[in-house]
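Asks: Pasting the sequence and the predicted coordinates here, then a few questions.
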Amino acid sequence: MRSEIDRVLKKIDEGVEVFDDLHEKVYAAEQQNQKEKYEADLKKEIKKLQRLRDQVKSWVSSGEVKEKGPLIDARKLIETKMELFKICEKDTKTKTYSKEGLARAAKLDPEQQKKVDCNTWVLEMVDVMMQKVDEHEAEIDHLSAGKGKKNNRRAIESWNQHITNHKYHIDKLEAIARLIMNDGLDPQLVNDIQEDLDFYLEAYAEDPDFLESYDEEFYYENLGLDDIAPSNNTAPSQAPASTPEMTKKEAREEARKEKKSSKVKSSMIPMTIGRAKVKDTSAPDPIVSKVASASPGKTIPVKVASPPPKPPVAGASMAAMLKGGEEKAKAAQLAAQQLAAAKAAEQQRLMHQQQQQQQAAAEQQRLMQQKQQQMAQQQAQAKAAEQQRLLQQQQQQQQQQQQQAAVTLSLDAASSYLSSLGESYHFMTTQNDSSRPRSYAPRNPYPTPASYPSQPSTIFDNPSIFEKLGTDCLFFIFYYQQGTYQQYLAARELKKQSWRYHKKYMTWFQRHEEPKVTTDEYEQGTYVYFDYESGWCQRVKAEFRFEYAFLEDSLI
């Protein structure tokens, strides 16, 4: 698993580098088709990072992984790139000179900065609460696997309640982040709840009376989140849903603007230039003066005076009329050129403003990359120190193992020698070995009826007969026919029935259920044992630790 985690972390680092390169290309592209191509490649790369993020989240929530710091940092890094992709996708799908693009470019930088700062705080708060959820889940796993589950039940319920509260706040904050990015929520309203959420993170686990007065709806009641229902699939160029009152207000404002626009269009220069009085070209043209004095940041409709037409002068010649028409055409052409120049200047200003915003975004991206590099360096240093510590610990363990192996080898040699000597002592020849075997004859036999058997039946020398005996009978033969062949056959049959003999307690044990803890040295769980001393019955022993060193396993 360690090698798999390292491989995934390496893939994440490589994917982040590719993502950053494509992100710069998107904002550096001059043509719209190039920008869309790079944005499509960026989307493929963020999908790969999201799949790796799912794998990292599964490891973080698992109890098998102890060192979760690098995994949590990698998850946060991917989520940061996901937010950058959302912003980039919204910018790419909004055309530069569309109605929304021009409206966005005309926004003031301080307002945009407030929105970015507020959204950054919201995402940081989401990360903090997600980290708290991971820590509480790990604590629950630790309490569930440890001893005293009944005593830990209240603590587990408390942690579960905290996890539920955190997830509620995470859902609300994610909805707030979407609304802020789509201009559906005022950042000032979000700033008002920062102190409340900071107090929540400080007091929820330290103050035991906090949950009694806790009310999750109190934090967001002024934001109107129940009336505003953001959608995860909202297109970047669409405005978020608003309350019915806001919709009516916007409709009335839009109707008022359309009515005013229709009146302005009726008095624009192209409509009135044909009725304008021709003046001497050497004098300053009022149309040109109004167009040139227009502010580059505003679009001002230019009007000209429309005096009533005068009756034709008697005796005017056809040449004079033609000359007047040519002068009118020249004046109209000059006015159109001036309007085109003003429009081009306005577009140039908007392009310059957009470039400044792109440069600011690139600078913010560069600062973020520097911060990520510093974090990566700190993580690498910490990782190197940890590896050095583990290496030293491993060397010490190897030295201890070598010393123990040398001592064990010497002890094994001495034990083998003593065992051989003791075994040879037990099998020493005696004087009785050369004499003829004699059958047992009691000195004072008790008078019994002749129908009673006087010699043990040879049927009990047959191993197959023990397969038909009950458990109670097998225990009786084992404990009351000690040192006989029948005791051996009874023990062998008990082992076939999954009973195991404990050499320390001289008692037979059987698993009541699968062990809860199993290691190379022991297993722990609930067992059934045969009480041959006090009750001659089977009893249940919970949380019993059966060490394999006391397991009798020498039957041949």
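Replies: Arrived safely, thanks for sending.
Asks: Only C-alpha atoms from now on, for both contacts and neighbour counts.
Replies: OK.
Asks: Let me know the helix or strand that Tyr452 is in.
Replies: Using DSSP states H and E, Tyr452 is not contained in any helix or strand.
Asks: how near is it to Tyr446?
Replies: In this structure, Tyr452 and Tyr446 are 12 Å apart, going by CA to CA, to the nearest Å.
Asks: Repeat that for His166.
Replies: From His166 across to Tyr446, the span is 85 Å (CA to CA).
Asks: Compare neighbour counts for those two and give me the winner.
Replies: Per other CA atoms under 10 Å, whichever of His166 and Tyr446 has more neighbours is His166, with 22 against 7.
Asks: I figured the more buried one hits Met129, correct?
Replies: Yes - with contacts defined as CA atoms under 8 Å, His166 counts as touching Met129 at a distance of 5.9 Å.
Asks: So which elements touch the helix or strand where Leu52 lies?
Replies: Leu52 is located in helix 32-61, with elements delineated by DSSP H and E. Contacts defined by 3 or more CA pairs under 8 Å, 6 or more residues apart in numbering; DSSP states H and E place helix 32-61 against helix 2-28, helix 69-93, helix 109-145.
Asks: quick one: the host helix or strand of Ala345 to chain centroid distance?
Replies: Using DSSP H and E, Ala345 sits in helix 318-426. Per CA atoms, centre = their mean, to the nearest Å, the displacement of helix 318-426 from the mean C-alpha position of its chain is 17 Å.
Asks: What helices and strands are in contact with that helix?
Replies: The contact analysis (3+ CA pairs under 8 Å, 6+ apart) places helix 318-426 against helix 99-105, helix 269-272, helix 286-292.
Asks: Would you single out the least confident of those?
Replies: Sorting the helices and strands packed on helix 318-426 by mean pLDDT places helix 269-272 lowest, at a mean of 33.
Asks: and Arg389, how many neighbours?
Replies: If we define neighbours as other CA under 10 Å, then Arg389 has 12 of them.
Asks: pLDDT score assigned to it?
Replies: Reading off the per-residue confidence, Arg389 sits at a pLDDT of 91.
Asks: show me what contacts it?
Replies: With contacts defined as CA atoms under 8 Å, 6 or more residues apart in numbering, Arg389 is in contact with no residue.
Asks: how much space between it and Gln395?
Replies: As judged by CA to CA, Arg389 and Gln395 stand 10 Å apart.
Asks: Repeat that for Gln31.
Replies: Taking CA to CA as the measure, Gln31 falls 61 Å from Gln395.
Asks: Have a look at these two and say which one is more surrounded.
Replies: The residue with more neighbours, out of Gln31 and Gln395 and counting by other CA under 10 Å, is Gln395; that gives 12 against 9.
Asks: Show me the residue sitting in the middle of the chain in space.
Replies: Ranked by distance to the mean C-alpha position of the chain (CA atoms, centre = their mean), the top residue is Lys57 at 4.2 Å.
Asks: For the residue lying closest to that one once chain neighbours are set aside, give me the pLDDT.
Replies: Distance criterion CA to CA, 6 or more residues apart in numbering; nearest residue to Lys57, sequence neighbours excluded, is Arg75 at 7.3 Å. Reported pLDDT at Arg75 in the predicted model: 89.
Asks: tell me the contacts of Arg75?
Replies: Arg75 neighbours (CA under 8 Å, 6+ apart): 53, 56-57.
Asks: Check which helices and strands the strand or helix carrying Glu174 sits against.
Replies: In this structure, Glu174 sits in helix 149-181 according to DSSP H and E. In terms of contacts (3+ CA pairs under 8 Å, 6+ apart), helix 149-181 is packed against helix 109-145.
Asks: Would you mind writing the CA trace of stretch 380-387 as PDB?
Replies: Coordinates of the C-alpha atoms in stretch 380-387 are reproduced here as PDB (Å, rounded to 0.1, in the frame of the first residue of the first chain):
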ATOM      1  CA  ALA A 380      10.000  16.900   1.500                       C
ATOM      2  CA  GLN A 381      12.200  18.000   4.400                       C
ATOM      3  CA  ALA A 382       9.800  16.500   7.000                       C
ATOM      4  CA  LYS A 383       9.700  13.300   4.900                       C
ATOM      5  CA  ALA A 384      13.500  13.100   4.700                       C
ATOM      6  CA  ALA A 385      13.700  13.500   8.500                       C
ATOM      7  CA  GLU A 386      11.100  10.900   9.100                       C
ATOM      8  CA  GLN A 387      13.000   8.400   6.800                       C
END
